[in-house]
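Visitor: any chance you can model this:
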Amino acid sequence: MSEALDTLFKNGTEKMEKAINQLHREFSTVRTGRANPAMLDKVMVEYYGAPTPLKQMAQVTVSEGTSLVIAPFDKSILKEVEKAIIKAELGVAPNNDGVSVRLNFPPLTEEKRKEITKDVKKFGEEAKVQVRNVRRDMTDELKKLEKSENLPEDMVKDNQDKIQKLTDKYTAIIDKEVTEKDKEVMTV
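Guide: Numbers count the residues shown, from 1 in each chain. Prediction:
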């Protein structure tokens, strides 16, 4: 196999891995029955006029499995942290006790769990679209290589099959991840 084909598969695999990693990041923000500090990853706090990630300016701990305690390193920004959490629409009201902000997560209703599983499926579908786009790009690149390097037809066909197998592998991984996350969300 030529060096160009090796590069094609290496780059394609890396891009498909990135789609899986993005899916994991999305899943970390999905609410399940337990409190998870990763839910706050997208929360940005206005700090000296600049939006700053909450996790860079506060310690976040899980308390009793159903609540998060956010202790800012600078206590003067408690109000800003509270505003940022409200703005992030996490579905919970922050409680400011003057030292930290506490987020209590009530148990999820059956209806809310079903709503969350729809989001999980949507994230999974977005990841599959990314993988399919990588497949399309790899196939286009293979066609260019066929012309530029005069690759034999059977070699092109074999590589198209390899591209499809790679796509199927990553699609199966995504399906498995979505099923596991669905199960986690629906577990009471």
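Visitor: mind jotting down where the strands sit in this structure?
Guide: 44-47, 50-53, 58-63, 67-72, 94-96, 101-104 (DSSP state E).
Visitor: closest to residue 24 out of those strands?
Guide: For residue 24, the closest of these is strand 50-53, at 17.8 Å, according to Cβ to Cβ. The C-beta positions use only the backbone N, C-alpha and C, and glycine is treated the same way.
Visitor: could you give the average pLDDT over the closest one?
Guide: Over the span of strand 50-53, the pLDDT mean works out to 88.
Visitor: what bridges to the spatially closest residue to residue 77 that is not a sequence neighbour?
Guide: If the residues on either side of it in the chain are set aside, residue 77 comes closest to residue 47, at 6.2 Å by Cβ to Cβ, 6 or more residues apart in numbering. With DSSP bridges as the criterion, the beta-bridge partners of residue 47 are residue 50.
Visitor: distance of residue 47 from residue 81?
Guide: Using Cβ to Cβ, to the nearest Å, one obtains 9 Å as the distance from residue 47 to residue 81.
Visitor: can you check residue 168 too?
Guide: 45 Å.
Visitor: out of the two, which sits in the more crowded spot?
Guide: The neighbour count for residue 168 versus residue 81, taken as other Cβ atoms under 10 Å, is higher for residue 81 (25 against 12).
Visitor: common neighbours of residue 47 and residue 81, please.
Guide: For the pair residue 47 and residue 81, residues contacting each of them under the criterion Cβ atoms under 8 Å, 6 or more residues apart in numbering are residue 57.
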